[in-house]
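[1] take this sequence and fold it.
(chains A and B)
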Amino acid sequence: MLGSVNFTPFELLNILAKGSKSTLYNIIVNLRIPRMIMALIIGASLSVSGTMFQAILKNPLADPYIIGVSAGAALGATIATVLSLNYTFILVFAFMGSIFTVTFVYLIFKGLKLSSTSLILSGIAVSFILTSSVLLIFSMSKSEDVHKAIMWLMGDLSIGRYNMLPQMGLLSIAVIIVSSIFHKHLDIISFGESFSKNSGISVNNIRNIFWLASLLSAISVSLSGVIGFVGLIMPHIIRSTFGPDHLKLIPLAAMGGGLFLLISDTIGRSIAPPFEIPVGIITGFLGGIFFLIYMIKQKNI
Amino acid sequence: MKIFDLQKITAGYGKHLIFQELDLSISEGDFISIIGPNGAGKSTLIKVLTGEIEPTEGDILFKNAPRNSYKKNELAREISIVHQFTENILPFRVYDFVKMGRFPHQKLWEIETARDTEIILNAVNITGISSLADRLLTELSGGELQLTHIAKALAQNKNIIILDEPVSHLDLKHSIEIMDILYNLNKEGATIITVLHDINIASAYCSRIIGIKKGDIFFDGSPEDVIKYDLIEDLFDIVCITRENPISGRPYIYPVPKHLQK
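    Numbering: from 1, shown residues only, chains lettered A, B, ... in the order given. Prediction:
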């Protein structure tokens, strides 16, 4: 239990045993534990979402934000911030923004007969339009609103974000469980379009997986802002260590992603007290370095 | 019974049409080889049969009902397809890959029933890859990989198998091994449709050879009827001679190189 306030496991038990009176008890039960749960859930969601996007898009560079979910969430959150709405509304707006984006990209995807290149390209195009809209709003807003929105976008797991944690957390766990039921589909889909068609995968199957992956991405981005790299590197590392079978891959990616984010957040909280470095910055650093070392070791992706 | 009935099919890639008003029917028990020059439309014909390309006009009947009236997994239970497999080889275990053939037969939550195991082992035995079952796909040679794909197709179903150039990049031993397997399956009642580049292999094994040139059926018949020097010369725009194989009685061709032509 590291952070700006440290205690050993023994002290921890002692504090918990004494009950709700002490400040430390409050720090642990109301701050640290929700934060750990949040790190585990967001990390797991991003990692599972990335695993599924990489399978349906047959693209090793696919990540949970590839279809513009983060840009949609950014626009939603920015609008809510400029309208001076409270945190719950910012979260709801961000979630709606990402779901609208996914729907829009999906309709293009469907129009172009579910080809993975078209999905990636339409995601990029939509992201550009949305990001420009965010910047347009910034250019016309008060600087404190801009700052607030930027802070929101920068991925972190701090206290202000916990108000919807129970609902979103349970939804996310449910989506991960449903996703793991599709493990056979994901195995077959990763062999490519014609192989999966002729093996009995329907358009509906692909659509369902697309929506599950997008939902996980939308939940995480609206809860915690944009936390990069977890959804890109965890699936790779798990896949190359444990093989391509999604029956194992999904639960392991969930665990790996959750632990990675928990560790990154713990580092972010304890490295320079009293400051807390947003976890998105830590995952960027750690993930980037880790990934480079890993690539050099593997000599390929 | 007619397995496939193509009626006045027009199909191609976007505006680039390969077939116009093509008629073709395929009966149960046929062992068909599609031959013809590169770009003639052989693979396109396979894609039209498998549904990878939807014709812009005309009807495709599968077992007397419009093919599109079948769901994807219903079709997959009846038709197995072996693609030209060059990309996307992932490090799955051979056994697990063959098991993917059972996917259209399984319920959502089923992983492997006793019946699945029996069928998978049978497919692995027919193709002679039992010793490879625990290896990874990425460790296999081209011939072993092709056998594994055929095993997956057999685990899916043994009635209708469509193969796109199953022996093109294989050595003679592996080519013959695969053609022997297909021949035996056909003798047990399977309908086999395959694209082949090697006319002599097609002639030695198939009961019906369809020659395709520029999106049209150039000839369609038994090897004895269609493997004639003048037809093959016209189909490929080459000079060749044909003779009869003394053992099988089937015709074979030998191309005459340009420097020997007078």
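[2] when you work out contacts or count neighbours from here on, use the C-alpha atoms and nothing else.
    Will do.
[3] who in chain B is up against chain A?
    Chain B has residues B:50, B:52, B:71-77, B:79-81, B:83, B:88-92, B:100-101, B:103-104, B:108-109, B:156 near chain A, with proximity defined as Cα under 8 Å from any Cα of the partner chain.
[4] out of those, list just those in helices.
    When the residues of chain B next to chain A are checked against helices (DSSP state H), the matches are B:50, B:72-77, B:156.
[5] list the contacts of the residue of the stretch 1-150 of chain B found nearest chain A.
    Closest to chain A within the stretch 1-150 of chain B is B:Asn73: 4.0 Å, counting by Cα to the nearest Cα. The contact partners of B:Asn73, by Cα atoms under 8 Å, 6 or more residues apart in numbering or on different chains, come to A:199-202, B:104-105.
[6] flag the shaky bits of chain B, pLDDT-wise.
    In the predicted model, chain B carries pLDDT under 70 at residues B:85-87.
[7] residue 110: neighbour count?
    Using chain A here. Other residues within reach of A:Lys110 by the criterion other Cα atoms under 10 Å in any protein chain shown amount to 15.
[8] try chain B instead
    11.
[9] stretch A:262-277: end-to-end distance?
    Taking Cα to Cα, to the nearest Å, the span from the opening residue of stretch A:262-277 to its closing residue is 13 Å.
[10] list the buried ones in that stretch?
    A:262-270, A:276-277 (16 or more other Cα atoms under 10 Å in any protein chain shown).
[11] widest-spaced pair of the contacts of B:Asn73?
    Taking Cα to Cα as the measure, these span a maximum distance of 13.7 Å, between A:Ser202 and B:His105.
[12] picking that back up, please convert the contacts of B:Asn73 to a markdown table, extending it with neighbour count and distance to B:Ile46.
    Supplementary listing: those in a markdown table, determined by neighbours: other Cα atoms under 10 Å in any protein chain shown; distance: Cα to Cα, whole Å:
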| residue | neighbour count | distance to B:Ile46 |
| --- | --- | --- |
| A:Ser199 | 28 | 16 |
| A:Gly200 | 27 | 17 |
| A:Ile201 | 24 | 19 |
| A:Ser202 | 15 | 19 |
| B:Pro104 | 20 | 21 |
| B:His105 | 17 | 23 |
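[13] ok, these vs B:Leu137, which is closest?
    When the contacts of B:Asn73 are compared for distance to B:Leu137 (Cα to Cα), A:Ser199 wins out at 17.6 Å.
[14] which of the buried residues of stretch A:262-277 has the weakest pLDDT?
    Comparing pLDDT over the buried residues of stretch A:262-277, A:Glu276 scores lowest. The value there is 81.
[15] nearest spatial neighbour of the residue in chain A that chain B sits nearest to, chain-adjacent residues omitted?
    Distances from chain A to chain B, computed as Cα to the nearest Cα, single out A:Gly200 as the nearest residue at 4.0 Å. Counting by Cα to Cα, 6 or more residues apart in numbering or on different chains, the nearest residue to A:Gly200 once its immediate chain neighbours are dropped is B:Asn73, at 4.0 Å.
[16] the helices in the stretch 51-200 of chain A, which residues?
    A:69-82, A:87-111, A:116-139, A:143-153, A:165-181, A:183-189, A:193-198 (DSSP state H, counting those that start in this stretch).
[17] so which elements touch the third one?
    Helices and strands touching helix A:116-139, by 3 or more Cα pairs under 8 Å, 6 or more residues apart in numbering or on different chains; DSSP states H and E, are helix A:33-57, helix A:69-82, helix A:87-111.
[18] B:Ile232 and B:Gln261: what is the separation?
    Taking Cα to Cα as the measure, B:Ile232 falls 16 Å from B:Gln261.
[19] the more surrounded of those two?
    When B:Ile232 and B:Gln261 are compared for neighbours, B:Ile232 comes out ahead with 24 against 8, by other Cα under 10 Å.
[20] the more buried one: helix or strand, and which one exactly?
    Secondary structure here is read from DSSP states H and E; on that basis B:Ile232 sits in helix B:229-236.
[21] just the buried positions in the helix or strand following that helix, please.
    Scanning forward in sequence from helix B:229-236 by DSSP H and E, the next helix or strand is strand B:240-244. Within strand B:240-244, the residues that count as buried by 16+ other Cα under 10 Å are B:Cys240.
[22] again with stretch A:82-91
    A:82, A:87-88, A:90-91.
[23] identify the residues contacting it?
    When contacts are taken as Cα under 8 Å, 6+ apart, the neighbours of stretch A:82-91 outside the stretch itself are A:76-78, A:80-81, A:141, A:145-146, A:160-161, A:163-164, A:222-223.
[24] could you dump that stretch to CSV, C-alpha only?
    Written as CSV, here are the backbone C-alpha positions of stretch A:82-91 (Å, rounded to 0.1, in the frame of the first residue of the first chain):
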residue,chain,number,x,y,z
VAL,A,82,-17.5,24.2,-21.0
LEU,A,83,-21.2,23.9,-19.9
SER,A,84,-19.8,23.8,-16.3
LEU,A,85,-21.5,20.5,-15.5
ASN,A,86,-20.5,18.4,-12.5
TYR,A,87,-18.2,15.4,-12.7
THR,A,88,-20.9,12.8,-13.1
PHE,A,89,-22.2,14.7,-16.1
ILE,A,90,-18.7,15.0,-17.6
LEU,A,91,-18.4,11.2,-17.3
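[25] quick check: B:Tyr205 vs chain A, distance?
    Per Cα to the nearest Cα, to the nearest Å, B:Tyr205 is found 25 Å from chain A.
[26] list the contacts for that residue?
    Residues near B:Tyr205 by Cα under 8 Å, 6+ apart: B:31, B:179, B:183.
[27] repeat that for 10 Å
    When the contact criterion is Cα atoms under 10 Å, 6 or more residues apart in numbering or on different chains, the partners of B:Tyr205 are B:31-33, B:176, B:179-180, B:182-183, B:186, B:223, B:248, B:250.
[28] ok so, going back, list the helices and strands the helix holding B:Ile232 packs on?
    strand B:31-35, strand B:208-213, strand B:216-221, strand B:240-244, strand B:251-255 (3 or more Cα pairs under 10 Å, 6 or more residues apart in numbering or on different chains; DSSP states H and E).
[29] distance check, the residue of chain A closest to chain B against A:Lys58.
    Taking Cα to Cα as the criterion, A:Gly200 is separated from A:Lys58 by 18 Å.
[30] what sits closest to the residue nearest to the spatial centre of chain A if chain neighbours are left out?
    Taking Cα atoms, centre = their mean, the centroid of chain A lies closest to A:Leu46, which sits 3.5 Å from it. With sequence-adjacent residues excluded and distances taken as Cα to Cα, 6+ apart, A:Leu46 is closest to A:Gly231, at 4.7 Å.
[31] alright, calling it a day.
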